[in-house]
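Trainee: the following comprises the amino acid sequence and a computationally predicted model.
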Amino acid sequence: MRCLIISLLLFTCACEIQAQVNYVLNPSFEQYSECPSGWDQIRLANYWSQIDTIDPEPLCSPEYCNACAPISSTVSVPSSIYYYHYPRTGNGMVQMGMYFDDGYPGETYQRDYTQGRLYKPLTAGKYYCVTFYVTLEQISEYAINHIGAYLDDGSIDAGQDSVGCASPQTAYSPQIVESAIINDTLDWVQVQGLFTATGTETFITIGNFFDIYHTDTIKLSPSTPNNFSLYLIDDVSVVETGTKPDAGPDGFVSPGSDSATIGSSEEGLPLTWFVYGSPVPIGHTGSIKVHPDTTTTYVLSMDLCDGVTSDTVTVWVAPEKVKPLTPKGEPAIWPNPAKGQLTVSNAAGNYLVIYDVFGREVPFDKLTMTSNKEVVDISGLVSGVYVVQIIAPDGNRKCMQLVKE
């Protein structure tokens, strides 16, 4: 079970750790070595690069776009001279040239390819779902199909052709290919597919691997014809089939208190958050901040190749200094904030550990709960914010925020 973290906390509770499920490193392009400033700078996004390894400053590389870029630059977010669009999540995304036609002299076959690392090799014989999101830039003259992903050991390399740009990589067969033409310039469109790993895959490369004769197009006829297709890319994931979403455990806040962070911090997954009973999405990141006025249940859904699954989390709202509502049988602490004594309920046979906001265990006995209502002396704690762990004999843990007055 994972912990509910109140936003003031700088500490992540050491509860049961869920293994990383997205194999792609920096899948939402949030981490970077420095802010981008212009063309061909995909290398600034950690763990991502172009596939041309010959030229140290290769032309026709994807662009790294981030909100930290200079305003009104070619890679600024949300507005540049080529698009007006926010990332699907976070502050970063990638711009890629997917198609050029005969009207662009000397660069008929030009392509951009972006390559990212996996945190470990895939397992031979297992099924994996590959997902990423694209949207067409408004300046594009063409919308195309066959945007896809190729997974290998990193040996794919465009080299450098006569015009210094990557040609279509037709020698490679991408495992994931979108057959539909993607012409949406407003919303992010999911590209997804299933494949069986060979066990050698440590990289993922995204692009259009088909030449102009095998790429279907729709001419959009913008006011200034430009003969190309530019797409934005975000939230890339490689996930083993059967993986379920984790919305985290139920938790508590008081009316008017700081927002609660629910879910996990893992990026790039095909996730959508809802308020229970509402069809309107409220977020796509692994974790979101919520500030309910009344007790509210949230739904986290994950859309993988083998279907959509969901998990729920409830944030209980109760007045300060009053025992909060709690699911029947769940361990609880009260009052909260507390002064000299803390009551622990529904925790018989478990033991209690307290951590400060820096994740350090407080010099405090690991008290074993012998009944379902125990009073614990906390008068020796200095005023501040703590995390209380209730640990069961099987290792399962319940984490709760405690404010000591």
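Mentor: Good, I have the coordinates. Residues are numbered from 1 along each chain as shown.
Trainee: how many residues are close by residue 125?
Mentor: 9 (other CB atoms under 10 Å). Quick note: C-beta positions are derived from backbone N, CA and C, even for glycine.
Trainee: not counting residues beside it along the chain, what's closest to it?
Mentor: residue 196 (6.6 Å; CB to CB, 6 or more residues apart in numbering).
Trainee: same question, residue 384
Mentor: residue 404 (5.8 Å).
Trainee: same question for stretch 272-281, mean pLDDT?
Mentor: Taken as a whole, stretch 272-281 has a mean pLDDT of 92.
Trainee: how about the strands in the stretch 251-400 of the chain?
Mentor: 251-253, 260-263, 271-275, 281-283, 287-290, 296-304, 307-317, 332-334, 341-345, 351-356, 367-368, 373-377, 384-391, 397-404 (DSSP state E, counting those that start in this stretch).
Trainee: hmm, back to that, burial count for the residue nearest to residue 384?
Mentor: Using other CB under 10 Å, residue 404 has 19 neighbouring residues.
Trainee: does it have beta-bridge partners, and which?
Mentor: Judged by DSSP bridges, the bridge partners of residue 404 are residue 338, residue 384.
Trainee: per-residue pLDDT, it?
Mentor: 85.
Trainee: try residue 129
Mentor: pLDDT, residue 129: 97.
Trainee: which non-adjacent residue is nearest it?
Mentor: Using CB to CB, 6+ apart, the closest residue to residue 129 is residue 305 (3.8 Å).
Trainee: picking that back up, among the strands of the stretch 251-400 of the chain, which is nearest residue 130?
Mentor: Minimum separation from residue 130 across those (CB to CB) falls at strand 296-304, 10.0 Å.
Trainee: alpha carbons of stretch 143-153, as CSV, please.
Mentor: Extracted C-alpha coordinates of stretch 143-153, given in CSV (Å, rounded to 0.1, in the frame of the first residue of the first chain):
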residue,chain,number,x,y,z
ALA,A,143,-1.3,15.0,-41.9
ILE,A,144,0.1,11.4,-42.3
ASN,A,145,-0.2,7.9,-41.0
HIS,A,146,2.5,5.3,-40.2
ILE,A,147,3.9,7.1,-37.2
GLY,A,148,5.4,4.3,-35.1
ALA,A,149,8.0,2.9,-32.7
TYR,A,150,11.0,0.6,-33.2
LEU,A,151,12.6,-1.2,-30.2
ASP,A,152,16.1,-2.6,-30.4
ASP,A,153,19.5,-2.7,-28.8
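Trainee: mean confidence for that stretch?
Mentor: Mean predicted confidence for stretch 143-153 is 95.
Trainee: list the buried ones in it?
Mentor: Neighbour counts using 16 or more other CB atoms under 10 Å place 143-152 of stretch 143-153 among the buried residues.
Trainee: returning to what we had before: now the residue nearest to residue 125: how far from residue 315?
Mentor: Using CB to CB, to the nearest Å, residue 196 is found at 40 Å from residue 315.
Trainee: residue contacts, residue 308?
Mentor: Taking CB atoms under 8 Å, 6 or more residues apart in numbering, we find residue 308 in contact with 301-302.
Trainee: likewise residue 98?
Mentor: Neighbouring residues of residue 98 by CB under 8 Å, 6+ apart: 111-112, 144, 147, 207-208, 229-231.
Trainee: and those, which is closest to residue 90?
Mentor: residue 231 (17.9 Å).
Trainee: what about that closest one, helix or strand, and which?
Mentor: If you go by DSSP states H and E, residue 231 is part of strand 228-240.
Trainee: helices or strands up against that strand?
Mentor: With contacts defined as 3 or more CB pairs under 8 Å, 6 or more residues apart in numbering; DSSP states H and E, strand 228-240 has these neighbours: strand 92-100, strand 127-136, strand 142-144, strand 147-152, strand 203-208.
Trainee: residue 290 and residue 274 touch, don't they?
Mentor: No. Under the contact definition of CB atoms under 8 Å, residue 290 does not touch residue 274, with a separation of 11.6 Å.
Trainee: so what sits against both of the two?
Mentor: Here residue 290 and residue 274 have residue 298 as joint contacts, going by CB under 8 Å, 6+ apart.
Trainee: what about residue 25, neighbour count?
Mentor: Around residue 25 there are 19 other residues, counting by other CB under 10 Å.
Trainee: now do the same for it: its pLDDT.
Mentor: At residue 25, pLDDT is 94.
Trainee: that one against residue 47, yeah?
Mentor: Yes. Counting by CB under 8 Å, residue 25 touches residue 47, with 4.0 Å between them.
Trainee: show me the strands in the stretch 1-150 of the chain, by range?
Mentor: Counting by DSSP E, counting those that start in this stretch, the stretch 1-150 of the chain has these strands, from start to end: 5-6, 48-49, 63-66, 92-100, 114-117, 127-136, 142-144, 147-152.
Trainee: closest to residue 168 out of these?
Mentor: Across the strands of the stretch 1-150 of the chain, residue 168 has its closest neighbour in strand 92-100 (9.3 Å, CB to CB).
Trainee: for stretch 62-75, buried residues please.
Mentor: 62-66, 69, 73-75.
Trainee: quick check, nearest of those to residue 392?
Mentor: Residue 392 lies nearest to residue 66 out of the buried residues of stretch 62-75, by CB to CB, at 43.4 Å.
Trainee: so that closest one makes contact with residue 36?
Mentor: Yes. Using CB under 8 Å, residue 66 is in contact with residue 36, at 5.7 Å.
Trainee: need the residues touching each of the two.
Mentor: residue 75.
Trainee: could you pull up the contacting residues of the residue nearest to residue 129?
Mentor: Going by CB under 8 Å, 6+ apart, residue 305 touches 127, 129, 192-194, 241.
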